[in-house]
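Participant: My questions are about this predicted structure, shown below with the sequence.
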Amino acid sequence: MATDPDRSTPAAPRRKAGRHRGEGQWAAGHFTPLNGNEQFKKDDDGLNVRTRIETIYSKRGFHSIDPNDLRGRMRWWGLYTQRKPGIDGGKTAILEPEELDDEHFMLRVRIDGGRLTTEQLRVIGEISQEFARGTADITDRQNIQYHWIRIEDMPEIWRRLEGVGLSTTEACGDTPRVILGSPVAGIAEDEIIDGTPAIDEIHRRIVGNPAFSNLPRKFKSAISGSPLLDVAHEINDIAFVGVRHPERGPGFDLWVGGGLSTNPKIGQRLGAWVPLDEVADVYEGVISIFRDYGYRRLRTRARLKFLLADWGVEKFRRVLEDEYLLRKLVDGPAPEQPLERWRDHVGVHRQRDGNYYVGFAPRVGRVDGTTLTKIADLAAGHGSGRLRTTAEQKMIVLDVAEDQVASLVAGLESLDLTVRPSPFRRGTMACTGIEFCKLAIVETKARGASLIDELERRVPDFDEPITININGCPNACARIQVADIGLKGQLVLDENGDQVEGFQVHLGGALGLEAGFGRKVRGLKVTSAALPDYVERVLKRFQAERADGERFAAWAARADEDALS
(Lines give C-alpha, C1' and ligand atoms only; values in the text may rest on other atoms or scores of the structure.)
Protein backbone atom coordinates (compact mmCIF):
# COMPACT_ATOMS: atom_id res chain seq x y z
CA MET A 1 0.00 0.00 0.00
CA ALA A 2 1.11 3.59 -0.55
CA THR A 3 2.34 5.51 2.46
CA ASP A 4 -0.48 7.48 4.04
CA PRO A 5 0.49 11.18 4.19
CA ASP A 6 -1.25 11.46 7.57
CA ARG A 7 1.06 8.85 9.08
CA SER A 8 4.05 10.35 10.89
CA THR A 9 7.33 8.52 10.26
CA PRO A 10 9.71 8.65 13.28
CA ALA A 11 12.94 10.48 12.54
CA ALA A 12 14.52 9.08 15.70
CA PRO A 13 13.62 6.27 18.12
CA ARG A 14 12.34 8.68 20.79
CA ARG A 15 9.91 10.51 18.45
CA LYS A 16 6.33 9.32 18.89
CA ALA A 17 4.34 8.49 15.75
CA GLY A 18 1.17 10.44 15.16
CA ARG A 19 -2.23 8.82 15.04
CA HIS A 20 -2.94 6.98 11.78
CA ARG A 21 -6.45 7.63 10.47
CA GLY A 22 -6.17 5.29 7.49
CA GLU A 23 -7.78 5.93 4.14
CA GLY A 24 -11.36 5.77 5.38
CA GLN A 25 -11.83 2.23 4.05
CA TRP A 26 -14.99 0.60 5.32
CA ALA A 27 -13.43 -2.87 5.09
CA ALA A 28 -10.81 -1.71 7.59
CA GLY A 29 -13.51 -0.53 9.99
CA HIS A 30 -13.12 3.18 9.20
CA PHE A 31 -16.72 4.35 9.10
CA THR A 32 -16.26 7.83 10.59
CA PRO A 33 -16.53 10.39 7.75
CA LEU A 34 -13.21 12.11 7.09
CA ASN A 35 -14.49 14.91 4.84
CA GLY A 36 -17.66 16.85 4.14
CA ASN A 37 -18.70 14.69 1.20
CA GLU A 38 -18.54 11.53 3.26
CA GLN A 39 -20.47 13.26 6.04
CA PHE A 40 -23.44 14.33 3.90
CA LYS A 41 -23.60 10.87 2.34
CA LYS A 42 -23.69 9.30 5.81
CA ASP A 43 -26.33 11.78 6.96
CA ASP A 44 -28.73 10.81 4.17
CA ASP A 45 -28.58 8.63 1.06
CA GLY A 46 -28.48 10.74 -2.08
CA LEU A 47 -31.29 8.67 -3.55
CA ASN A 48 -33.64 10.14 -0.93
CA VAL A 49 -33.32 13.69 -2.24
CA ARG A 50 -35.84 13.09 -5.00
CA THR A 51 -38.69 13.14 -2.50
CA ARG A 52 -37.58 16.56 -1.25
CA ILE A 53 -37.27 17.86 -4.80
CA GLU A 54 -40.80 16.75 -5.64
CA THR A 55 -42.51 17.74 -2.39
CA ILE A 56 -40.55 20.80 -1.22
CA TYR A 57 -38.00 22.33 -3.58
CA SER A 58 -40.09 22.25 -6.75
CA LYS A 59 -42.88 24.03 -4.86
CA ARG A 60 -40.83 26.54 -2.85
CA GLY A 61 -38.15 27.26 -5.45
CA PHE A 62 -34.36 27.39 -5.70
CA HIS A 63 -33.71 29.27 -2.46
CA SER A 64 -35.43 26.59 -0.39
CA ILE A 65 -32.81 23.95 -1.29
CA ASP A 66 -30.53 22.70 1.49
CA PRO A 67 -26.86 23.33 0.53
CA ASN A 68 -25.91 19.67 1.01
CA ASP A 69 -28.68 18.72 -1.36
CA LEU A 70 -27.91 21.53 -3.81
CA ARG A 71 -24.21 20.79 -4.26
CA GLY A 72 -24.23 17.16 -3.21
CA ARG A 73 -27.17 14.79 -3.13
CA MET A 74 -29.02 16.25 -6.14
CA ARG A 75 -26.28 14.78 -8.31
CA TRP A 76 -27.68 11.34 -7.47
CA TRP A 77 -30.60 12.37 -9.73
CA GLY A 78 -28.51 13.90 -12.52
CA LEU A 79 -28.66 17.54 -11.39
CA TYR A 80 -25.71 19.95 -11.12
CA THR A 81 -25.99 23.67 -10.58
CA GLN A 82 -24.66 25.40 -13.68
CA ARG A 83 -22.32 28.36 -13.87
CA LYS A 84 -23.75 31.83 -13.35
CA PRO A 85 -23.45 33.76 -16.64
CA GLY A 86 -20.74 36.40 -16.96
CA ILE A 87 -18.14 34.95 -14.57
CA ASP A 88 -14.78 34.72 -16.33
CA GLY A 89 -12.36 31.82 -16.02
CA GLY A 90 -9.97 33.70 -13.78
CA LYS A 91 -12.54 33.56 -10.98
CA THR A 92 -13.31 29.83 -11.21
CA ALA A 93 -10.93 28.83 -8.42
CA ILE A 94 -11.41 32.02 -6.38
CA LEU A 95 -15.16 32.37 -5.83
CA GLU A 96 -17.17 30.38 -3.32
CA PRO A 97 -19.62 27.78 -4.69
CA GLU A 98 -22.64 29.96 -3.94
CA GLU A 99 -21.05 32.78 -5.94
CA LEU A 100 -20.61 30.52 -8.97
CA ASP A 101 -24.04 28.88 -8.76
CA ASP A 102 -26.72 29.96 -11.17
CA GLU A 103 -30.35 29.31 -10.21
CA HIS A 104 -30.61 26.84 -13.08
CA PHE A 105 -29.33 23.29 -13.45
CA MET A 106 -27.60 20.99 -15.84
CA LEU A 107 -29.60 17.75 -16.09
CA ARG A 108 -28.10 14.53 -17.42
CA VAL A 109 -30.35 11.89 -18.95
CA ARG A 110 -28.91 8.43 -18.45
CA ILE A 111 -28.80 6.27 -21.61
CA ASP A 112 -27.19 2.91 -20.76
CA GLY A 113 -25.65 1.31 -23.82
CA GLY A 114 -26.60 4.41 -25.82
CA ARG A 115 -29.93 2.78 -26.71
CA LEU A 116 -32.83 4.99 -27.71
CA THR A 117 -36.15 4.65 -29.49
CA THR A 118 -37.61 7.33 -31.72
CA GLU A 119 -40.33 7.90 -29.11
CA GLN A 120 -37.71 8.46 -26.42
CA LEU A 121 -35.66 10.82 -28.59
CA ARG A 122 -38.76 12.80 -29.47
CA VAL A 123 -39.57 13.24 -25.77
CA ILE A 124 -35.96 14.29 -25.08
CA GLY A 125 -36.27 16.89 -27.83
CA GLU A 126 -39.62 18.17 -26.57
CA ILE A 127 -38.28 18.54 -23.02
CA SER A 128 -35.33 20.47 -24.42
CA GLN A 129 -37.59 22.90 -26.23
CA GLU A 130 -40.03 23.36 -23.38
CA PHE A 131 -37.79 23.35 -20.29
CA ALA A 132 -34.11 23.72 -21.36
CA ARG A 133 -34.09 26.69 -23.76
CA GLY A 134 -33.42 24.27 -26.60
CA THR A 135 -30.17 22.85 -25.19
CA ALA A 136 -29.26 19.19 -25.59
CA ASP A 137 -25.69 17.94 -25.93
CA ILE A 138 -24.60 14.39 -26.73
CA THR A 139 -21.86 13.54 -24.24
CA ASP A 140 -18.86 11.24 -24.66
CA ARG A 141 -20.58 8.84 -22.26
CA GLN A 142 -23.63 8.33 -24.48
CA ASN A 143 -25.86 10.56 -22.35
CA ILE A 144 -27.92 13.60 -23.29
CA GLN A 145 -27.27 16.72 -21.23
CA TYR A 146 -29.63 19.68 -20.75
CA HIS A 147 -28.98 23.17 -19.37
CA TRP A 148 -31.21 25.97 -18.00
CA ILE A 149 -33.37 23.51 -16.05
CA ARG A 150 -35.51 25.00 -13.25
CA ILE A 151 -36.10 23.03 -10.07
CA GLU A 152 -39.81 23.81 -10.37
CA ASP A 153 -39.99 21.78 -13.59
CA MET A 154 -38.28 18.61 -12.39
CA PRO A 155 -41.39 16.60 -11.40
CA GLU A 156 -42.87 17.08 -14.87
CA ILE A 157 -39.54 16.34 -16.60
CA TRP A 158 -39.21 13.09 -14.65
CA ARG A 159 -42.79 12.17 -15.44
CA ARG A 160 -42.16 12.56 -19.16
CA LEU A 161 -38.78 10.81 -19.21
CA GLU A 162 -39.91 7.88 -17.11
CA GLY A 163 -43.08 7.61 -19.16
CA VAL A 164 -40.93 6.43 -22.07
CA GLY A 165 -38.50 4.35 -20.03
CA LEU A 166 -35.72 6.90 -19.51
CA SER A 167 -34.09 7.93 -16.24
CA THR A 168 -31.73 10.37 -14.55
CA THR A 169 -31.09 8.00 -11.63
CA GLU A 170 -27.42 8.13 -10.56
CA ALA A 171 -26.43 9.94 -13.74
CA CYS A 172 -24.02 11.89 -11.50
CA GLY A 173 -22.72 11.61 -7.93
CA ASP A 174 -20.63 9.00 -6.12
CA THR A 175 -22.55 6.25 -7.84
CA PRO A 176 -22.43 3.64 -10.62
CA ARG A 177 -22.73 5.99 -13.59
CA VAL A 178 -24.12 5.12 -17.03
CA ILE A 179 -22.87 1.83 -18.49
CA LEU A 180 -21.25 2.43 -21.86
CA GLY A 181 -22.13 -0.14 -24.50
CA SER A 182 -21.27 -0.74 -28.11
CA PRO A 183 -23.70 1.36 -30.17
CA VAL A 184 -23.90 -1.48 -32.71
CA ALA A 185 -24.46 -4.25 -30.17
CA GLY A 186 -26.57 -7.04 -31.63
CA ILE A 187 -26.43 -5.80 -35.21
CA ALA A 188 -22.79 -5.49 -36.36
CA GLU A 189 -21.57 -8.13 -38.80
CA ASP A 190 -18.18 -8.41 -37.08
CA GLU A 191 -19.41 -8.47 -33.47
CA ILE A 192 -17.68 -10.95 -31.16
CA ILE A 193 -20.47 -11.04 -28.57
CA ASP A 194 -23.51 -8.92 -27.69
CA GLY A 195 -23.14 -7.41 -24.22
CA THR A 196 -26.69 -6.02 -24.04
CA PRO A 197 -28.08 -8.71 -21.69
CA ALA A 198 -25.25 -7.99 -19.22
CA ILE A 199 -25.92 -4.24 -19.31
CA ASP A 200 -29.59 -4.88 -18.57
CA GLU A 201 -28.84 -7.25 -15.70
CA ILE A 202 -26.30 -4.90 -14.12
CA HIS A 203 -28.78 -2.03 -14.38
CA ARG A 204 -31.47 -4.15 -12.74
CA ARG A 205 -29.25 -5.13 -9.83
CA ILE A 206 -27.15 -2.05 -9.22
CA VAL A 207 -28.73 1.24 -10.38
CA GLY A 208 -30.83 2.83 -7.65
CA ASN A 209 -29.85 0.10 -5.18
CA PRO A 210 -28.95 1.65 -1.78
CA ALA A 211 -26.28 -1.03 -1.35
CA PHE A 212 -24.25 0.75 -4.05
CA SER A 213 -25.41 4.36 -3.78
CA ASN A 214 -22.59 5.49 -1.48
CA LEU A 215 -19.32 4.83 -3.28
CA PRO A 216 -16.05 6.65 -2.53
CA ARG A 217 -16.48 8.50 -5.83
CA LYS A 218 -17.98 7.91 -9.27
CA PHE A 219 -17.72 4.48 -10.87
CA LYS A 220 -17.51 4.36 -14.67
CA SER A 221 -18.30 1.22 -16.63
CA ALA A 222 -18.13 -0.09 -20.19
CA ILE A 223 -19.17 -3.31 -21.96
CA SER A 224 -18.59 -4.02 -25.63
CA GLY A 225 -18.23 -7.05 -27.84
CA SER A 226 -17.12 -5.01 -30.85
CA PRO A 227 -13.65 -5.68 -32.30
CA LEU A 228 -13.37 -1.91 -32.81
CA LEU A 229 -13.03 -1.43 -29.01
CA ASP A 230 -15.66 1.30 -29.26
CA VAL A 231 -16.33 2.24 -25.61
CA ALA A 232 -12.96 3.61 -24.44
CA HIS A 233 -12.55 0.62 -22.14
CA GLU A 234 -9.00 1.66 -21.22
CA ILE A 235 -10.20 4.66 -19.16
CA ASN A 236 -13.13 3.16 -17.24
CA ASP A 237 -13.13 1.88 -13.66
CA ILE A 238 -14.39 -1.46 -14.99
CA ALA A 239 -14.67 -2.69 -18.56
CA PHE A 240 -15.62 -5.93 -20.26
CA VAL A 241 -14.06 -6.31 -23.71
CA GLY A 242 -15.21 -8.93 -26.19
CA VAL A 243 -12.73 -11.77 -26.82
CA ARG A 244 -12.82 -15.35 -28.07
CA HIS A 245 -11.40 -17.91 -25.66
CA PRO A 246 -9.64 -20.71 -27.56
CA GLU A 247 -11.57 -23.40 -25.67
CA ARG A 248 -14.64 -21.64 -24.29
CA GLY A 249 -15.69 -19.38 -27.13
CA PRO A 250 -16.90 -15.75 -27.02
CA GLY A 251 -16.82 -13.90 -23.71
CA PHE A 252 -15.21 -10.85 -22.14
CA ASP A 253 -11.76 -9.79 -21.00
CA LEU A 254 -11.91 -7.98 -17.65
CA TRP A 255 -10.21 -4.58 -17.16
CA VAL A 256 -10.19 -2.42 -14.02
CA GLY A 257 -8.71 0.82 -12.74
CA GLY A 258 -8.78 3.17 -15.71
CA GLY A 259 -9.49 6.88 -15.42
CA LEU A 260 -8.24 10.30 -16.49
CA SER A 261 -8.63 13.66 -14.69
CA THR A 262 -5.49 15.15 -13.12
CA ASN A 263 -3.86 11.77 -12.40
CA PRO A 264 -4.56 9.61 -15.45
CA LYS A 265 -4.23 5.82 -15.47
CA ILE A 266 -4.78 3.28 -18.22
CA GLY A 267 -6.91 0.39 -16.99
CA GLN A 268 -5.25 -2.98 -16.45
CA ARG A 269 -6.25 -6.46 -17.47
CA LEU A 270 -6.92 -8.92 -14.67
CA GLY A 271 -6.22 -11.72 -17.16
CA ALA A 272 -9.67 -13.18 -16.61
CA TRP A 273 -12.18 -14.43 -19.20
CA VAL A 274 -15.80 -13.84 -18.17
CA PRO A 275 -18.78 -15.53 -19.90
CA LEU A 276 -21.80 -13.39 -20.67
CA ASP A 277 -23.99 -14.85 -17.91
CA GLU A 278 -21.35 -14.08 -15.25
CA VAL A 279 -20.62 -10.47 -16.20
CA ALA A 280 -23.14 -9.03 -13.72
CA ASP A 281 -21.70 -11.15 -10.89
CA VAL A 282 -18.16 -9.97 -11.62
CA TYR A 283 -19.34 -6.37 -11.96
CA GLU A 284 -21.04 -6.59 -8.58
CA GLY A 285 -17.86 -8.02 -7.06
CA VAL A 286 -15.65 -5.24 -8.42
CA ILE A 287 -18.00 -2.41 -7.42
CA SER A 288 -18.26 -3.99 -3.96
CA ILE A 289 -14.48 -3.94 -3.64
CA PHE A 290 -14.55 -0.26 -4.54
CA ARG A 291 -17.29 0.44 -1.99
CA ASP A 292 -15.61 -1.50 0.81
CA TYR A 293 -11.89 -0.94 0.18
CA GLY A 294 -11.94 2.33 -1.77
CA TYR A 295 -10.21 5.36 -0.27
CA ARG A 296 -12.63 7.85 1.34
CA ARG A 297 -10.26 10.21 3.16
CA LEU A 298 -9.11 12.38 0.24
CA ARG A 299 -11.37 13.03 -2.74
CA THR A 300 -8.30 13.25 -4.96
CA ARG A 301 -7.49 9.59 -4.18
CA ALA A 302 -11.00 8.21 -4.05
CA ARG A 303 -11.11 6.52 -7.48
CA LEU A 304 -10.59 2.80 -8.00
CA LYS A 305 -7.39 3.44 -9.99
CA PHE A 306 -5.55 4.42 -6.80
CA LEU A 307 -6.56 1.25 -4.97
CA LEU A 308 -5.46 -0.86 -7.93
CA ALA A 309 -2.13 0.98 -8.13
CA ASP A 310 -1.45 0.22 -4.47
CA TRP A 311 -2.68 -3.37 -4.50
CA GLY A 312 -1.52 -4.51 -7.92
CA VAL A 313 -3.40 -6.76 -10.32
CA GLU A 314 -2.67 -10.04 -8.54
CA LYS A 315 -4.01 -8.92 -5.17
CA PHE A 316 -7.05 -7.28 -6.73
CA ARG A 317 -7.97 -10.46 -8.56
CA ARG A 318 -7.33 -12.56 -5.46
CA VAL A 319 -9.62 -10.39 -3.29
CA LEU A 320 -12.30 -10.42 -6.00
CA GLU A 321 -12.20 -14.22 -6.22
CA ASP A 322 -11.75 -15.10 -2.54
CA GLU A 323 -13.90 -12.50 -0.78
CA TYR A 324 -16.64 -11.65 -3.28
CA LEU A 325 -17.09 -14.27 -6.01
CA LEU A 326 -16.03 -17.19 -3.79
CA ARG A 327 -14.63 -18.96 -6.85
CA LYS A 328 -11.74 -18.66 -9.27
CA LEU A 329 -12.00 -16.86 -12.56
CA VAL A 330 -10.93 -18.46 -15.82
CA ASP A 331 -7.71 -17.17 -17.39
CA GLY A 332 -8.24 -15.71 -20.82
CA PRO A 333 -6.72 -13.94 -23.83
CA ALA A 334 -6.25 -10.22 -24.41
CA PRO A 335 -8.36 -8.46 -27.04
CA GLU A 336 -6.85 -8.08 -30.48
CA GLN A 337 -5.88 -4.67 -31.80
CA PRO A 338 -8.64 -3.14 -33.93
CA LEU A 339 -8.08 -3.02 -37.66
CA GLU A 340 -9.64 0.44 -38.04
CA ARG A 341 -8.58 3.76 -36.54
CA TRP A 342 -12.07 5.21 -36.31
CA ARG A 343 -14.33 3.53 -33.78
CA ASP A 344 -17.31 5.90 -33.82
CA HIS A 345 -19.34 3.96 -36.44
CA VAL A 346 -19.92 7.08 -38.54
CA GLY A 347 -20.97 6.37 -42.14
CA VAL A 348 -23.15 3.75 -43.81
CA HIS A 349 -22.52 0.16 -42.67
CA ARG A 350 -24.17 -3.15 -43.40
CA GLN A 351 -25.82 -4.98 -40.50
CA ARG A 352 -25.80 -8.74 -40.03
CA ASP A 353 -29.50 -8.90 -41.07
CA GLY A 354 -28.88 -7.20 -44.43
CA ASN A 355 -30.15 -3.78 -43.38
CA TYR A 356 -27.84 -0.84 -42.73
CA TYR A 357 -26.96 1.48 -39.88
CA VAL A 358 -26.12 5.11 -40.54
CA GLY A 359 -23.85 7.06 -38.19
CA PHE A 360 -23.61 10.84 -38.32
CA ALA A 361 -21.55 13.58 -36.69
CA PRO A 362 -22.92 16.69 -34.99
CA ARG A 363 -20.39 19.42 -34.26
CA VAL A 364 -18.64 18.56 -30.96
CA GLY A 365 -21.77 16.82 -29.71
CA ARG A 366 -23.86 19.98 -29.78
CA VAL A 367 -27.42 19.58 -30.99
CA ASP A 368 -30.73 21.12 -29.87
CA GLY A 369 -34.23 20.02 -29.07
CA THR A 370 -35.68 20.90 -32.46
CA THR A 371 -32.96 18.95 -34.25
CA LEU A 372 -33.46 15.92 -32.01
CA THR A 373 -37.16 15.76 -32.79
CA LYS A 374 -36.34 15.98 -36.51
CA ILE A 375 -33.81 13.15 -36.13
CA ALA A 376 -36.51 11.11 -34.42
CA ASP A 377 -38.87 11.75 -37.35
CA LEU A 378 -36.18 10.75 -39.88
CA ALA A 379 -35.35 7.57 -37.96
CA ALA A 380 -39.03 6.65 -37.66
CA GLY A 381 -39.54 7.16 -41.37
CA HIS A 382 -36.48 5.26 -42.55
CA GLY A 383 -35.73 2.62 -39.92
CA SER A 384 -37.34 0.46 -37.26
CA GLY A 385 -37.46 3.17 -34.59
CA ARG A 386 -34.09 2.40 -32.97
CA LEU A 387 -31.18 4.83 -32.51
CA ARG A 388 -27.93 4.80 -30.58
CA THR A 389 -25.60 7.41 -29.14
CA THR A 390 -21.85 6.73 -29.16
CA ALA A 391 -18.95 7.33 -26.80
CA GLU A 392 -17.57 9.82 -29.34
CA GLN A 393 -20.47 12.34 -29.23
CA LYS A 394 -22.08 10.83 -32.35
CA MET A 395 -25.44 9.20 -33.13
CA ILE A 396 -26.58 6.24 -35.23
CA VAL A 397 -29.86 5.27 -36.91
CA LEU A 398 -30.33 1.49 -37.00
CA ASP A 399 -32.21 -0.93 -39.26
CA VAL A 400 -32.33 1.11 -42.46
CA ALA A 401 -33.35 -0.79 -45.60
CA GLU A 402 -30.97 -0.41 -48.53
CA ASP A 403 -33.50 1.55 -50.58
CA GLN A 404 -33.97 4.02 -47.70
CA VAL A 405 -30.31 4.85 -47.08
CA ALA A 406 -29.92 7.65 -49.63
CA SER A 407 -33.08 9.42 -48.48
CA LEU A 408 -32.04 9.21 -44.81
CA VAL A 409 -28.54 10.51 -45.58
CA ALA A 410 -30.01 13.46 -47.48
CA GLY A 411 -32.35 14.25 -44.60
CA LEU A 412 -29.52 14.19 -42.07
CA GLU A 413 -27.28 16.32 -44.26
CA SER A 414 -30.07 18.91 -44.48
CA LEU A 415 -29.80 19.23 -40.68
CA ASP A 416 -26.00 19.70 -40.88
CA LEU A 417 -25.54 16.18 -39.51
CA THR A 418 -23.04 14.79 -41.93
CA VAL A 419 -22.63 11.09 -42.62
CA ARG A 420 -19.36 11.72 -44.49
CA PRO A 421 -17.59 14.22 -42.24
CA SER A 422 -14.09 15.59 -42.65
CA PRO A 423 -11.48 14.16 -40.28
CA PHE A 424 -11.80 17.37 -38.27
CA ARG A 425 -15.59 17.23 -37.93
CA ARG A 426 -15.37 13.54 -37.11
CA GLY A 427 -12.47 13.72 -34.68
CA THR A 428 -13.05 16.90 -32.67
CA MET A 429 -14.61 16.54 -29.22
CA ALA A 430 -15.34 19.21 -26.61
CA CYS A 431 -16.61 19.26 -23.04
CA THR A 432 -19.26 21.68 -21.78
CA GLY A 433 -16.79 24.48 -21.02
CA ILE A 434 -17.22 27.82 -19.32
CA GLU A 435 -20.61 28.44 -20.91
CA PHE A 436 -22.25 26.27 -18.23
CA CYS A 437 -19.62 24.43 -16.15
CA LYS A 438 -18.55 25.83 -12.77
CA LEU A 439 -15.14 24.14 -13.00
CA ALA A 440 -14.25 25.47 -16.44
CA ILE A 441 -11.70 28.17 -17.21
CA VAL A 442 -12.23 28.59 -20.96
CA GLU A 443 -14.91 28.28 -23.64
CA THR A 444 -14.91 24.97 -25.56
CA LYS A 445 -17.98 24.14 -27.66
CA ALA A 446 -17.96 27.23 -29.89
CA ARG A 447 -14.17 27.11 -30.04
CA GLY A 448 -14.29 23.52 -31.24
CA ALA A 449 -16.94 24.27 -33.87
CA SER A 450 -14.99 27.22 -35.26
CA LEU A 451 -11.75 25.19 -35.25
CA ILE A 452 -13.42 22.54 -37.40
CA ASP A 453 -14.45 25.18 -39.95
CA GLU A 454 -10.99 26.73 -40.02
CA LEU A 455 -9.18 23.43 -40.48
CA GLU A 456 -11.54 22.29 -43.22
CA ARG A 457 -10.73 25.52 -45.05
CA ARG A 458 -6.99 25.59 -44.36
CA VAL A 459 -6.06 21.90 -44.69
CA PRO A 460 -8.66 20.52 -47.13
CA ASP A 461 -6.37 17.69 -48.29
CA PHE A 462 -5.85 16.22 -44.81
CA ASP A 463 -7.33 12.73 -44.91
CA GLU A 464 -5.83 10.94 -41.89
CA PRO A 465 -7.82 10.00 -38.77
CA ILE A 466 -7.12 12.68 -36.16
CA THR A 467 -8.60 13.35 -32.74
CA ILE A 468 -8.66 16.87 -31.32
CA ASN A 469 -10.11 16.97 -27.81
CA ILE A 470 -10.86 20.29 -26.11
CA ASN A 471 -11.32 20.57 -22.36
CA GLY A 472 -12.28 23.64 -20.36
CA CYS A 473 -10.30 22.68 -17.23
CA PRO A 474 -7.80 20.01 -16.02
CA ASN A 475 -10.48 17.39 -15.26
CA ALA A 476 -10.32 15.75 -18.71
CA CYS A 477 -14.03 15.19 -19.33
CA ALA A 478 -13.12 15.39 -23.04
CA ARG A 479 -10.23 12.90 -22.68
CA ILE A 480 -7.41 15.29 -23.57
CA GLN A 481 -4.61 12.93 -22.51
CA VAL A 482 -5.61 10.22 -24.99
CA ALA A 483 -6.19 12.44 -28.04
CA ASP A 484 -3.83 13.03 -30.94
CA ILE A 485 -4.08 16.70 -30.02
CA GLY A 486 -5.39 17.30 -26.49
CA LEU A 487 -6.11 20.85 -25.38
CA LYS A 488 -6.41 21.60 -21.65
CA GLY A 489 -8.02 24.95 -20.96
CA GLN A 490 -6.16 27.50 -18.86
CA LEU A 491 -5.39 31.19 -18.78
CA VAL A 492 -2.25 32.14 -20.71
CA LEU A 493 -0.41 35.33 -21.64
CA ASP A 494 -0.78 36.70 -25.16
CA GLU A 495 1.88 38.59 -27.14
CA ASN A 496 0.96 41.79 -25.25
CA GLY A 497 1.35 40.18 -21.85
CA ASP A 498 -2.39 40.15 -21.22
CA GLN A 499 -4.06 37.17 -19.57
CA VAL A 500 -6.42 35.46 -22.04
CA GLU A 501 -8.11 32.12 -22.61
CA GLY A 502 -5.80 29.43 -23.96
CA PHE A 503 -4.67 25.83 -23.76
CA GLN A 504 -1.85 23.61 -22.64
CA VAL A 505 -1.16 21.16 -25.46
CA HIS A 506 -0.89 17.36 -25.19
CA LEU A 507 0.28 15.55 -28.33
CA GLY A 508 0.20 11.90 -29.36
CA GLY A 509 -2.25 10.26 -26.97
CA ALA A 510 -4.22 7.24 -28.16
CA LEU A 511 -6.80 4.62 -27.28
CA GLY A 512 -7.16 1.23 -28.91
CA LEU A 513 -3.96 1.31 -30.93
CA GLU A 514 -1.16 1.18 -28.38
CA ALA A 515 -3.12 3.15 -25.79
CA GLY A 516 -1.13 5.80 -23.97
CA PHE A 517 -1.01 9.42 -22.89
CA GLY A 518 0.15 12.32 -25.01
CA ARG A 519 3.39 14.16 -24.39
CA LYS A 520 3.56 17.72 -23.12
CA VAL A 521 6.14 19.92 -24.79
CA ARG A 522 7.89 22.13 -22.27
CA GLY A 523 6.28 25.57 -22.16
CA LEU A 524 3.94 24.84 -25.08
CA LYS A 525 0.77 26.85 -24.57
CA VAL A 526 -1.43 28.51 -27.15
CA THR A 527 -4.07 31.22 -26.91
CA SER A 528 -7.59 30.44 -28.05
CA ALA A 529 -7.27 33.03 -30.81
CA ALA A 530 -4.06 31.41 -32.12
CA LEU A 531 -5.37 27.84 -31.90
CA PRO A 532 -6.25 27.41 -35.62
CA ASP A 533 -2.80 28.66 -36.64
CA TYR A 534 -1.10 26.26 -34.24
CA VAL A 535 -3.07 23.15 -35.23
CA GLU A 536 -2.68 23.93 -38.93
CA ARG A 537 1.08 24.28 -38.48
CA VAL A 538 1.45 20.98 -36.61
CA LEU A 539 -0.72 19.04 -39.04
CA LYS A 540 1.23 20.30 -42.04
CA ARG A 541 4.50 19.34 -40.37
CA PHE A 542 3.08 15.88 -39.76
CA GLN A 543 2.12 15.61 -43.42
CA ALA A 544 5.61 16.64 -44.47
CA GLU A 545 7.60 14.48 -42.03
CA ARG A 546 5.63 11.30 -41.43
CA ALA A 547 6.81 7.92 -42.62
CA ASP A 548 4.62 5.84 -44.89
CA GLY A 549 1.53 4.75 -42.95
CA GLU A 550 2.66 6.46 -39.74
CA ARG A 551 -0.07 7.64 -37.40
CA PHE A 552 -0.06 11.13 -35.92
CA ALA A 553 0.47 9.76 -32.40
CA ALA A 554 3.55 7.81 -33.48
CA TRP A 555 4.99 10.82 -35.28
CA ALA A 556 4.32 13.11 -32.31
CA ALA A 557 6.11 10.70 -30.00
CA ARG A 558 9.32 10.85 -32.05
CA ALA A 559 9.20 14.40 -33.45
CA ASP A 560 11.56 17.12 -32.29
CA GLU A 561 10.04 19.67 -29.96
CA ASP A 562 10.60 22.36 -32.56
CA ALA A 563 8.28 20.52 -34.94
CA LEU A 564 5.56 20.40 -32.30
CA SER A 565 5.72 24.02 -31.22
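Facilitator: It's in.
Participant: For the residue lying closest to A280 once chain neighbours are set aside, give me the pLDDT.
Facilitator: Spatial nearest neighbour of A280, chain neighbours left out: E201 (4.1 Å); criterion: C-beta to C-beta, 6 or more residues apart in numbering. C-betas here are computed from N, CA, C, even on glycine. On pLDDT, E201 comes in at 98.
Participant: Double-check that E201 belongs to a helix.
Facilitator: Yes. Assignment of E201 by DSSP: H, G, I helix; E, B strand; the rest coil places it within a helix.
Participant: Quick check: the gap between the most centrally placed residue in the chain and L329.
Facilitator: Most central in the chain under C-alpha atoms, centre = their mean is R141, positioned 4.0 Å from the mean C-alpha point. Distance, R141 to L329, by C-beta to C-beta, to the nearest Å: 27 Å.
Participant: same thing with I138?
Facilitator: Counting by C-beta to C-beta - I138 and L329 are separated by 35 Å.
Participant: Leaving aside the residues adjacent along the chain, what's closest to P183?
Facilitator: Excluding the flanking residues, the one nearest P183 by C-beta to C-beta, 6+ apart is R388, at 3.7 Å.
Participant: Show me what the helix or strand harbouring the one you found is packed against.
Facilitator: Element membership for R388 (DSSP states H and E) is strand 386-389. Applying 3 or more C-beta pairs under 8 Å, 6 or more residues apart in numbering; DSSP states H and E, one finds that strand 386-389 contacts strand 115-117, helix 118-131, helix 369-382, strand 395-400.
Participant: Each with direction, which strands does it pair with?
Facilitator: strand 115-117 (antiparallel), strand 395-400 (antiparallel) (DSSP bridges).
Participant: The shortest one: how far from the chain's middle?
Facilitator: Here strand 115-117 shows a centroid-to-chain-centroid distance of 18 Å under the convention C-alpha atoms, centre = their mean, to the nearest Å.
Participant: coming back round to it: any idea which of the helices and strands packed on strand 386-389 is most buried?
Facilitator: Most buried of the helices and strands packed on strand 386-389, by mean neighbour count (mean count of other C-beta atoms under 10 Å): strand 395-400, with a mean of 25.
Participant: Show me the strands in the stretch 251-400 of the chain, by range?
Facilitator: Along the stretch 251-400 of the chain, counting by DSSP state E, counting those that start in this stretch, strands occupy 268-274, 330-331, 347-350, 356-360, 366-368, 386-389, 395-400.
Participant: Apart from its chain neighbours, what residue comes closest to D230?
Facilitator: R343 (4.3 Å).
Participant: which residues touch the one you found?
Facilitator: 226, 228-230, 392, 512 (C-beta atoms under 8 Å, 6 or more residues apart in numbering).
Participant: export those to JSON lines and tack on secondary structure and neighbour count?
Facilitator: Below are the contacts of R343 laid out as JSON lines (DSSP: H, G, I helix; E, B strand; the rest coil; neighbours: other C-beta atoms under 10 Å):
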{"residue": "S226", "secondary structure": "coil", "neighbour count": "24"}
{"residue": "L228", "secondary structure": "coil", "neighbour count": "21"}
{"residue": "L229", "secondary structure": "coil", "neighbour count": "24"}
{"residue": "D230", "secondary structure": "coil", "neighbour count": "28"}
{"residue": "E392", "secondary structure": "coil", "neighbour count": "25"}
{"residue": "G512", "secondary structure": "coil", "neighbour count": "19"}
